[in-house]
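> Take a look and give me a structure for this.
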Amino acid sequence: MVGNIETGDIVVPHKDELSKELEGRCKETGRKPGDWVRRIRW
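Numbering: from 1, shown residues only. As a prediction, this is how the structure comes out:
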């Protein structure tokens with residue numbers, strides 16, 4: 001896991017379980033998952 005304190009961005013290896021958990025947490029708190037959870041490739 002890698003993070004950026006200034007932006008709040010966190011980069012973690014992709015796992016379906018983690019993606020689903022993060023998307024669920026966004027929905028529970030009234031946030032749009034697409035605004036907070038992104039997939040990137042290097």
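
> Next, the residue nearest the centre of the chain: phi, psi?
Centroid-nearest residue in the chain, with Cα atoms, centre = their mean: Val37, separated by 3.4 Å. Main-chain torsions, Val37, degrees, to the nearest 10: phi -110, psi 120.

> Let me see the contact set for it.
Going by Cβ atoms under 8 Å, 6 or more residues apart in numbering, Val37 touches Ser19, Leu22, Glu23, Cys26. From N, CA and C alone the C-beta is placed, and that goes for glycine too.

> Of the residues you listed, which belong to strands?
Among these, DSSP state E puts none in strands.

> Quick check: the residue nearest to Asn4 when sequence neighbours are not counted vs Leu18, distance?
Excluding the flanking residues, the one nearest Asn4 by Cβ to Cβ, 6 or more residues apart in numbering is Ile10, at 7.9 Å. Using Cβ to Cβ, to the nearest Å, one obtains 11 Å as the distance from Ile10 to Leu18.

> Tell me the one of the contacts of Val37 nearest Arg41?
Ser19 (14.4 Å; Cβ to Cβ).

> Distance-wise, check the closest one relative to Val11.
Ser19 is 13 Å from Val11, by Cβ to Cβ.

> okay, and the helix or strand of this structure with the least pLDDT?
Least confident helix or strand of the chain, by mean pLDDT, DSSP states H and E, is strand 2-3 with a mean of 79.

> Pairing partners for that one, with directions?
strand 10-11 (antiparallel) (DSSP bridges).

> and the strand it pairs with, how far from the chain's centre?
7 Å (Cα atoms, centre = their mean, to the nearest Å).

> ok, Ser19 and Val11, which is more surrounded?
More crowded of Ser19 and Val11, by other Cβ atoms under 10 Å: Ser19, with 14 against 11.

> Nearest spatial neighbour of that one, chain-adjacent residues omitted?
Val37 (6.5 Å).

> cool, and Leu22?
Distance criterion Cβ to Cβ, 6+ apart; nearest residue to Leu22, sequence neighbours excluded, is Val37 at 4.9 Å.

> could you measure that neighbour against Glu17, distance?
13 Å.
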